[in-house]
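Engineer: sequence unknown, structure follows:
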Ligand SMILES: Nc1ncnc2c1ncn2[C@@H]1O[C@H](COP(=O)(O)OP(=O)(O)OP(=O)(O)O)[C@@H](O)[C@H]1O
């Protein structure tokens, strides 16, 4: 009963453990079913992404520029937004607000905005979004090309890209040269976003076999105006030829759109022009204070020094003739007048970036003032003239003179700086502003601490009165044709040429060929290069003038020239006190340099450099003249003892491969064969040279052996003499007067000259250092050691008083001399 009652009771109350277990089983079954179902239903990631992209693209059309204040107001991918936020970019700038939407919509955009207004992000955000939209992967290759005019700018852009795009999976690369081309070539194919400079890019297009841009989606020209201004027009044309026509193009610059001609080459499709500061009163940032001063060329270096001394605590950047880009600074000092207003704007734009303050100072020569200021005002650049406070102006000429006298390297730098400046003025297109013939050249050299102005042959040539050709016109009248001037392209070509040259010099790139010759002849590499530069420049000028008799008037080009190293002034700064007050520009008084001008007149009188301006005829120039005249060189032929004919002059190349030469005559030059032959000839020459050197060495060794033998004989003789003398002195305590004996110095010097001769002969043979050392030691060993001992003894002996009468002394001396002979 009890049991029945119990079981009923249990039946009323189900076992909670059992029911929980049952429930648990059912639940987990249901869960796993759901999970499986979800798994079956789950979309692949790419599909989800596609949907997100789809929604974003739909929103592109709805972008309302006026409603955008933050990046998050734009339909951007989460990855881009995250990157922007992490880099602390939240609010958009005006150019970003106005162009990002258009670029997202796939339009070609031409954006212009003042310097430092955020153009970089205005194109980088659409770049990231474009590849994201296409779900670009590394296997898709190059998707976006960003071209910058300078390495520095490309690097800065790349850095921003790295920061903002770090959440995306694209690969990005920076190709700006300076590295091994091969090293770059190995990596370039895996790059999705390539930031580069035009020259290097074209080099890869030409030389890297598997590099192509067939999949390119977007081309960005950063600082488009600079790219075209800096003489890259031809390079750009060649690059664009290699790009697919179907692509999006974005152009950004700090100055307004370029001419239609320039834009045509980019084959833009209905581009959107965005010039955010079109209505602005000024084309430069409002926070940028811009001034200029006028001073004579020979005072500029002192002005620079005084300026730097007054602003030691500020970050300053000094532009010489270059237009390179640098990071943001407080002060921009344009030491040399920029070639045009656009260049000025770009340089000044290195300060006062993104709402920051900044100051810019431009130094102008009196001859540059009118033209340059006019240009700047036309471009809505508000520059004001200020005057230098003469009390704060420190004349550094004497200091520089003494630095240069002590340091040859510094002197060479000053010389390069001098030549570089004159060249840059010479190459300036706007001859109304830049007239090299009006520069006070000797005074300028003196101001740099150079007593003599370095020779500038292209200038001397230019300063010669122009030779006027007489031509017969169509109506048979004799007319005078003036000296032809250069076209823009030629000037650009020269610039590119010199930039390359100067960059080699700056990098310290030195040719190894002929170094030995220069060293033995006391010619420094720099002198040599300088000379070659000038010669090549002359040639180029001559060629250009011959081929292009007429200049294209009115066209503007810009200039990119060498940057003068700033270490130039390093010398005196540390020793002086920091932080003179900035009253450097306070006094507004005209003709503050009246005093200095007087000084300059006196300097002009005693100018020593004028004589150096006379044209020197170099051997190279002479040789060229001879070649032009087609002279035939006389031959000198001699006979050997065996009756063989031997041509002594001009020397005949005795190459082993000479016989093969004829084979090439059939059709032009076979370069590979020629190369091979040259290598063989080179080997042959080296072998010949080695033989000659060996023979010379053998001859020298024989001579030395002979000399040693002679020396040993002499040594033996001297020893006998010395012993005789010592014997004698030992035996006679009274001593004697050594001055009565033959002059030991005469003896020594005659021997010394002998040994010198041996040494000279050795050095004349121009052998390797080790060889020379060995020979010297040989000579020393061969030298009569006893002779040295003897000399020391003579030197330490005092004239002795024999205590005898003069007549007795004489007798003694005669006796001694007799003994000697
Ligand atoms: N939205 C933003 N918010 C905050 N800072 C920004 C923003 N956009 C750009 N900047 C900052 O402003 C500065 C200038 O930007 P950027 O270099 O893009 O200017 P730019 O117009 O390209 O100048 P330039 O023409 O002289 O090269 C940079 O320091 C950048 O970090």
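Structural biologist: Good, I have the coordinates. Treat the numbers as computed from the prediction; the structure is a model and nothing was measured.
Engineer: interface residues of the chain facing the ligand?
Structural biologist: For the chain, the residues in contact with the ligand (C-beta under 6 Å from any ligand atom) are 89, 91-93, 96, 113, 115-121, 254, 349, 353-354. (Glycine included, C-beta is placed from N, CA and C.)
Engineer: which other helices and strands contact the host helix or strand of residue 444?
Structural biologist: Taking DSSP states H and E as the definition, residue 444 sits inside helix 441-447. For helix 441-447, the elements it packs on are helix 300-310, helix 397-406, helix 408-427, helix 594-605, judged by 3 or more C-beta pairs under 8 Å, 6 or more residues apart in numbering; DSSP states H and E.
Engineer: Name the next helix or strand downstream of it, please.
Structural biologist: Helix 441-447 is succeeded, C-terminally, by helix 457-463 (DSSP H and E).
Engineer: shaky segments in this structure?
Structural biologist: The chain contains residues with pLDDT under 70 at 1-12, 256-264, 322-328, 462-620, 622-675, 677-679, 681-682, 716-809, 811-813, 818-821.
Engineer: Next one: residue 99 relative to the ligand, how far apart?
Structural biologist: 11 Å (C-beta to the nearest ligand atom, to the nearest Å).
Engineer: That residue contacts residue 122, correct?
Structural biologist: Yes: with contact defined as C-beta atoms under 8 Å, residue 99 counts as touching residue 122 (4.8 Å).
Engineer: Find residues that contact each of these two.
Structural biologist: Residues touching both residue 99 and residue 122 (C-beta atoms under 8 Å, 6 or more residues apart in numbering): residue 111.
Engineer: Isn't residue 114 up against residue 281?
Structural biologist: No: using C-beta under 8 Å, residue 114 is not in contact with residue 281; the gap is 11.6 Å.
Engineer: Looking at these two, which one has more neighbours?
Structural biologist: Neighbours per residue, other C-beta atoms under 10 Å: of residue 114 and residue 281, the larger number sits with residue 114, 24 against 8.
Engineer: That one belongs to a helix?
Structural biologist: No: membership of residue 114 in a helix is not supported by DSSP: H, G, I helix; E, B strand; the rest coil, which gives coil.
Engineer: Identify the residues contacting stretch 118-126?
Structural biologist: Contacts of stretch 118-126 (C-beta under 8 Å, 6+ apart): 71, 74, 76, 80, 84, 89, 92-93, 95-96, 99-100, 103-104, 111, 113, 146, 156-157, 160-161, 164-165, 218, 220, 222, 250, 252-254, 354.
Engineer: Which of those residues fall within helices?
Structural biologist: 80, 84, 95-96, 99-100, 103-104, 156-157, 160-161, 164 (DSSP state H).
Engineer: Can you select the buried ones among those residues for me in ChimeraX?
Structural biologist: Only the buried entries of these go into this ChimeraX selection, using 16 or more other C-beta atoms under 10 Å:
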select :80,84,95,96,99,100,103,104,156,157,161,164
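Engineer: of all the ones in helices among the contacts of stretch 118-126, which two lie farthest apart?
Structural biologist: Pairwise distances across those (C-beta to C-beta) peak at 23.4 Å, for the pair 104 and 156.
Engineer: which one of the ones in helices among the contacts of stretch 118-126 is nearest residue 58?
Structural biologist: Among the ones in helices among the contacts of stretch 118-126, and counting by C-beta to C-beta, the member closest to residue 58 is residue 104, at 11.8 Å.
Engineer: Leaving out sequence neighbours, find the closest residue to the closest one.
Structural biologist: residue 60 (5.0 Å; C-beta to C-beta, 6 or more residues apart in numbering).
Engineer: Surely the one you found and residue 100 touch.
Structural biologist: No: the criterion here is C-beta under 8 Å, and residue 60 misses it with residue 100 at 10.3 Å.
Engineer: any common contacting residues for these two?
Structural biologist: Contacts common to residue 60 and residue 100, judged by C-beta under 8 Å, 6+ apart, are absent.
Engineer: quick one, what contacts residue 701?
Structural biologist: Taking C-beta under 8 Å, 6+ apart, one finds nothing in contact with residue 701.
Engineer: Doesn't it lie inside a helix?
Structural biologist: Yes: under three-state DSSP, residue 701 falls within a helix.
Engineer: Make sure residue 278 is indeed in a strand.
Structural biologist: No: with three-state DSSP as the criterion, residue 278 is coil rather than part of a strand.
Engineer: where does it fall, phi/psi-wise?
Structural biologist: When read as degrees, to the nearest 10, the backbone of residue 278 gives phi -60, psi -40.
Engineer: nearest spatial neighbour of residue 268, skipping sequence neighbours?
Structural biologist: Per C-beta to C-beta, 6+ apart, closest to residue 268 is residue 108, 4.5 Å.
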